[in-house]
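**Student:** Provided below for reference: sequence and predicted model.
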Amino acid sequence: MTMHKQRYASRLRGKLLYLSVTLLAMSAGYASRAYGEVLPAFLREHAGDALWAAMIYFGIRLIFTSWSKGWSAFAGLLLSWFIECSQLIQVPWLNEIRSTTLGALVLGRGFLVMDLMRYAVGILGAWFVDRYVLKAETER
């Protein structure tokens, strides 16, 4: 295989890996909300938001493959905090979007300081998984 094909195959493997973990984080986050009654109270309370932030991190890694893990974590934290802070803005058209299922999943409904901490933990956890668990897969 030529050097060009090897690089392309490596990038494709990386993209597929990040797509997979993005979808996994998304599914786990949704499941934590849909089936929260079977989870311990601590997980029921905090896991959904942390997994949402992890999904943001892995999505950034998927889209911006040239960014470092550190920059991706920083961008993910800024984006998730920005979205949380945007919940302080209460205008009719934005509240209409938030009233839909997709709008609520993406934009949330109400500002909570605790969510900022949950997002930080989710981003840190995703960064840790990326650095220490996925490292071997992305460096092949």
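**Tutor:** Perfect, thanks for sending it. Treat the numbers as computed from the prediction; the structure is a model and nothing was measured. Numbering: from 1, shown residues only.
**Student:** mind listing what the residue nearest the centre of the chain touches?
**Tutor:** The chain has Met55 as the residue nearest its centroid, 1.9 Å off, counting by Cα atoms, centre = their mean. Contacts for Met55 were tallied using Cβ atoms under 8 Å, 6 or more residues apart in numbering; they are 22, 25-26, 29. Every C-beta, even on glycine, is put in place using the N, C-alpha and C of the backbone.
**Student:** mind giving me CSV with these and columns for distance to Ala41 and neighbour count?
**Tutor:** Putting the contacts of Met55 into CSV (distance: Cβ to Cβ, whole Å; neighbours: other Cβ atoms under 10 Å) gives the following:
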residue, distance to Ala41, neighbour count
Thr22, 27, 21
Ala25, 22, 24
Met26, 23, 18
Gly29, 17, 21
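**Student:** what's the farthest-apart pair in these?
**Tutor:** Spatial extent of the contacts of Met55 (Cβ to Cβ) is set by the pair Thr22 and Gly29 at 10.7 Å.
**Student:** Only alpha carbons, please: show the helix or strand Ala126 falls within as PDB.
**Tutor:** Using DSSP states H and E, Ala126 maps to helix 113-128. Taking Å, rounded to 0.1, in the frame of the first residue of the first chain, the C-alpha atoms of helix 113-128 are listed here in PDB:
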ATOM      1  CA  VAL A 113     -24.900  25.800  37.500                       C
ATOM      2  CA  MET A 114     -24.600  22.100  38.400                       C
ATOM      3  CA  ASP A 115     -24.800  21.300  34.600                       C
ATOM      4  CA  LEU A 116     -21.600  23.200  34.100                       C
ATOM      5  CA  MET A 117     -19.800  20.900  36.500                       C
ATOM      6  CA  ARG A 118     -21.400  17.800  34.900                       C
ATOM      7  CA  TYR A 119     -20.200  18.900  31.500                       C
ATOM      8  CA  ALA A 120     -16.700  19.500  32.800                       C
ATOM      9  CA  VAL A 121     -16.700  15.900  34.200                       C
ATOM     10  CA  GLY A 122     -18.000  14.500  31.000                       C
ATOM     11  CA  ILE A 123     -15.400  16.300  28.800                       C
ATOM     12  CA  LEU A 124     -12.600  15.200  31.200                       C
ATOM     13  CA  GLY A 125     -13.900  11.600  31.100                       C
ATOM     14  CA  ALA A 126     -14.100  11.700  27.300                       C
ATOM     15  CA  TRP A 127     -10.600  13.200  27.100                       C
ATOM     16  CA  PHE A 128      -9.300  10.400  29.400                       C
END
